[in-house]
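Q: here is the input, now give the coordinates:
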Amino acid sequence: MNNIRLFFSETLSTNMSGKLDKSQSHYVNKVMRVKENEVFSLFNSSGEWEAKILSISKNIVEFNITKQLRQKETTKELWLAFSPIKSNYFNFMIQKATELGVTKFLPIVFDRTIVRKINKERLEKVIIEAAEQSNRINVPSIEEPQSLNSFLKNSKMDLIFTDLNTSNTKIDLNQLTSNPTCVIIGPEGDFSEVERQEILKFNGVQAIKINENILRSETAVISAISIINYAIN
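A: Below you'll find the predicted structure:
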C-alpha cells in the first residue's frame, strides 16, 4: 500500500462505501495519481482503514473500505497553551506541535500578545495535514482565544509553566496525575510579572526553565513539548 493517509471526518467501517470531497479527490487522483483498484488509507479518531478506489467519476473518488489497519488510540492528553504569533511562524509552530503529539491547542491573549485573533479554519487544515503526515490517528482540537484568567479556571490539568525566572530544569513526575498535562508558553516579550504570579498560584503548577537562552515562541514550544514527552513517556 502507498503512503497516502487522509483524514475522513465521517464514520468509517469495514465494507462501507463513500466518496472523497473535491479537494481530497484531486489530491489522490491528480497529484498522487492513484488509479482505480489501488488503495490508500483513511483515518479519524476511531481508527485507520484501508480504502480501495472503486471509481473516479467527474474527478470525484469513490472508495470501499476493505479492512481496518489500526484501532483508535488511547494516549495521554497533552495540551499546549500559547500566545498567537505571526502567520508563517504560527503555522510552523502548530504543525510541529501536532507532530510531537499535542492533543489540544489553547490560544491565550496575554498582556504582551501582539496577534489577538486567529484563523481557526486555516489552522485546523494545518493540524489535519500534520496529522496525516505524522501517522497520527487522533487529530488535535483548537479552541478560540481566551484570557489567562479564563484558562486558569480549569482546575483539571497538570500545568507545566515555562518560566525564565526559575532555576528548576526538571519535571517532578510524582506531581503529575491522570489529568491532561498542559504546557503554557509565553508571548513574544514574555509573561508580565502579574501574569507570572497568577500562574504560580495555580494548584500543583510546576515551573521549569527549558533553556538558559531566550527562545522564540515557536522554538520554545518545540523545546518544551520535547522535554515533556521525554519525561512522561
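
Q: any idea how far residue 142 is from the most centrally placed residue in the chain?
A: The centroid of the chain falls nearest to residue 98 when counting by C-alpha atoms, centre = their mean (3.4 Å). Distance, residue 98 to residue 142, by C-beta to C-beta, to the nearest Å: 10 Å. The C-beta positions use only the backbone N, C-alpha and C, and glycine is treated the same way.

Q: what touches both of the two?
A: Common contact partners of residue 98 and residue 142 (C-beta atoms under 8 Å, 6 or more residues apart in numbering): residue 127.

Q: tell me if residue 182 really is in a strand.
A: Yes: judged by DSSP: H, G, I helix; E, B strand; the rest coil, residue 182 forms part of a strand.

Q: name whatever forms a beta bridge with it.
A: residue 79, residue 159 (DSSP bridges).

Q: ok, now which ones touch it?
A: The contact partners of residue 182, by C-beta under 8 Å, 6+ apart, come to 78-81, 106, 157-160.

Q: re earlier: what strand or helix carries the residue nearest to the centre of the chain?
A: For residue 98, the element it lies in under DSSP states H and E is helix 87-99.

Q: for that helix, name the packing helices and strands.
A: helix 120-133, helix 217-232 (3 or more C-beta pairs under 8 Å, 6 or more residues apart in numbering; DSSP states H and E).

Q: so this structure: which segments form each domain?
A: 5-71, 78-232 (automatic domain parsing).

Q: how about those in JSON lines, adding mean pLDDT?
A: Converted to JSON lines, those look like this (pLDDT from 0 to 100):
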{"stretch": "domain 5-71", "mean pLDDT": "94"}
{"stretch": "domain 78-232", "mean pLDDT": "94"}
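
Q: so which of the ones you listed is the most packed in?
A: Among those, domain 78-232 has the highest mean neighbour count (mean count of other C-beta atoms under 10 Å), at a mean of 17.

Q: could you find the closest non-adjacent residue to residue 163?
A: residue 207 (4.1 Å; C-beta to C-beta, 6 or more residues apart in numbering).

Q: where's the one you found relative to residue 58, distance?
A: In terms of C-beta to C-beta, residue 207 sits 58 Å off from residue 58.

Q: please apply the same query to residue 49.
A: 24 Å.

Q: which residues of the chain fall in helices?
A: Counting by DSSP state H, the chain has helices at residues 22-26, 87-99, 120-133, 148-152, 193-200, 217-232.

Q: and residue 15, which of these is closest to it?
A: Nearest to residue 15, of all the helices of the chain, is helix 22-26, at 20.6 Å by C-beta to C-beta.

Q: who's in contact with that closest one?
A: 6, 19, 56, 59-61.

Q: okay, those in TSV with distance to residue 113 next?
A: Shown next, in TSV, are the contacts of helix 22-26 (distance: C-beta to C-beta, whole Å):
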residue	distance to residue 113
6	34
19	42
56	46
59	43
60	42
61	42
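
Q: farthest-separated two in those?
A: 6 and 59 (15.8 Å).

Q: tabulate the contacts of residue 182 (TSV), appending distance to residue 225.
A: Formatted as TSV, the contacts of residue 182 follow (distance: C-beta to C-beta, whole Å):
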residue	distance to residue 225
78	7
79	10
80	7
81	12
106	14
157	15
158	14
159	14
160	10
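
Q: re the thing from before, Throw the helices and strands packed on helix 87-99 into TSV and include distance to residue 190, thanks.
A: Shown next, in TSV, are those (distance: least, C-beta to C-beta, whole Å):
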stretch	distance to residue 190
helix 120-133	23
helix 217-232	10
